[in-house]
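Q: quick one: sequence plus predicted model below, questions after.
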Amino acid sequence: KSEAEVTVARLNGEVKALSQQLEAANAQQKVRSELALAIMGFKAELQTAKHFEKKQAELARAQADRQIKSADAAKATEARDAAKSALKQAERVLHQNHATVLAATLAPGEACLVCGSLDHPAPARAAPANKGLIEELEAAQRNNDRAQTRCNSALGMLEAANETVRARQEDVSELAVPAR
């Protein structure tokens, strides 16, 4: 064989070897591209899962807050009802006392200051006027007003919490549940 033939054979071998290396490099590049694409998909899935988890956590916090607000509203409503009852009782006591005071001024044959009747078949009878009834009534009224204001505030906060829960539920319901 001539030197040229040997060189051609050697170069053909090198070309073949380089072609094989090129094919291997191209195959590796294809695998790298596929892996990069898969990684991008996993990152997107992870981002979706994190977003879903965040929205679920927001919903859970909103539900817990609503539960607290609901208990607070129930207590405030109970306190308001108790204050209203105490006010009505103070009013009854004061009115009874007024009736007793007026009854003490009745005289047979004279007109009643309230109804004008000349007959007084069942005048109010009770202990003499109690000192402090007006103050007790005013205190009961202030307590009732505070309890009503607190109740209104608590019910407003509960409604806001309910709206927040509804919004968070809607947010979560619009999201796709992560596959993994």
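A: Structure received.

Q: what's the burial count for residue 154?
A: The local packing of residue 154 (other Cβ atoms under 10 Å) involves 21 other residues. From N, CA and C alone the C-beta is placed, and that goes for glycine too.

Q: distance of it from residue 78?
A: In this structure, residue 154 and residue 78 are separated by 11 Å, where distance is defined by Cβ to Cβ, to the nearest Å.

Q: where does the protein dip in pLDDT?
A: Within the chain, the set of residues satisfying pLDDT under 70 comprises 126-131, 180.

Q: so which residue is dead centre in the protein?
A: residue 161 (2.5 Å; Cα atoms, centre = their mean).

Q: ok, it touching residue 71?
A: No. When contacts are counted by Cβ atoms under 8 Å, residue 161 is not listed as touching residue 71 (11.2 Å).

Q: quick one: the helices in the protein?
A: Ranges of helices within the chain are 3-104, 133-174, based on DSSP state H.

Q: deepest of the ones you listed, which one?
A: A comparison of those by mean neighbour count, using mean count of other Cβ atoms under 10 Å, puts helix 133-174 on top with a mean of 15.

Q: what's that helix packed up against?
A: Under the contact criterion of 3 or more Cβ pairs under 8 Å, 6 or more residues apart in numbering; DSSP states H and E, the helices and strands touching helix 133-174 comprise helix 3-104.

Q: what's the helix it packs on packed up against?
A: Helix 3-104 is packed against helix 133-174, with contacts defined by 3+ Cβ pairs under 8 Å, 6+ apart.

Q: spatially nearest residue to residue 160, not counting backbone neighbours?
A: Leaving aside its chain neighbours, residue 160 sits nearest to residue 69 (7.9 Å; criterion: Cβ to Cβ, 6 or more residues apart in numbering).

Q: ugh, wrong one, I meant residue 124
A: In this structure, residue 124 finds its nearest non-sequential neighbour in residue 99, 3.7 Å apart by Cβ to Cβ, 6+ apart.

Q: how far away is the closest residue to residue 113 other than its chain neighbours from residue 89?
A: When the adjacent residues along the chain are set aside, residue 113 lies closest to residue 102, with 5.8 Å between them (Cβ to Cβ, 6+ apart). If you measure residue 102 against residue 89 using Cβ to Cβ, the figure is 20 Å.

Q: and if you look at residue 4?
A: 125 Å.

Q: cool, and residue 16?
A: Remark: distance between residue 16 and residue 89 (Cβ to Cβ) = 109 Å.

Q: could you do residue 38 as well?
A: Note on residue 38: its distance to residue 89, by Cβ to Cβ, is 76 Å.

Q: cool, residue 83 as well?
A: According to Cβ to Cβ, residue 83 and residue 89 sit 11 Å apart.

Q: since that was my last question, I'll sign off now.
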